[in-house]
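*Asks:* 3D model of this:
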Amino acid sequence: VLGSVAAFKYFHAKKNDKFMFLSSCSYLLGMLVGAVFSVYPSVLPASTGEEFNLTIYNASAGAYGLQVGLIWWAIGIVIALTYFVLLYKAFGGKVNIESEEH
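*Replies:* Below is the predicted model of the structure:
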């Protein structure tokens, strides 16, 4: 996490937008991974007692539901990625304030 903050500051000074963005993404990823590992295997810790915690074991769906969800996720992610590729090709590049193109 500290390395990504240092990288962000370095790339900010160098005005390298791509690596500055990737550094901030790695910071967010590091913070999320740290939060997940700090409560594992709990998903939602209970304040009333450890026996009431929502864990990864008692929160999971049945095997059939997970299989159907995986199939729908695969279809949905292909559609979403295709959509973002089309958007990127249509509107890619940096915005230029002086440009009068739309």
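
*Asks:* So for the protein, the centremost residue is which one?
*Replies:* A centroid search over the chain (CA atoms, centre = their mean) returns residue 29, at 6.8 Å, as the residue closest to the centre.

*Asks:* I'd like the domain boundaries of this structure, if you could list them.
*Replies:* According to automatic domain parsing, the chain comprises the domains 1-59, 61-93.

*Asks:* starting at the chain centroid, how far to the longest one?
*Replies:* In terms of CA atoms, centre = their mean, to the nearest Å, the gap separating the centre of domain 1-59 from the centre of its chain is 10 Å.

*Asks:* can you give me the mean pLDDT across that domain?
*Replies:* Taken as a whole, domain 1-59 has a mean pLDDT of 93.

*Asks:* In contact with residue 46, which residues?
*Replies:* Going by CB atoms under 8 Å, 6 or more residues apart in numbering, residue 46 touches 52-54. All C-beta spots, glycine's among them, are computed from the backbone N, C-alpha and C.

*Asks:* Which secondary structure elements does the lengthiest helix in the chain sit against?
*Replies:* Using DSSP state H to define each element, the chain has its longest helix at helix 63-91. Helix 63-91 sits against no helix or strand, with contacts defined as 3 or more CB pairs under 8 Å, 6 or more residues apart in numbering; DSSP states H and E.

*Asks:* List of residues touching stretch 52-61?
*Replies:* Applying CB under 8 Å, 6+ apart, the external contacts of stretch 52-61 come out as 40-46, 66, 69.
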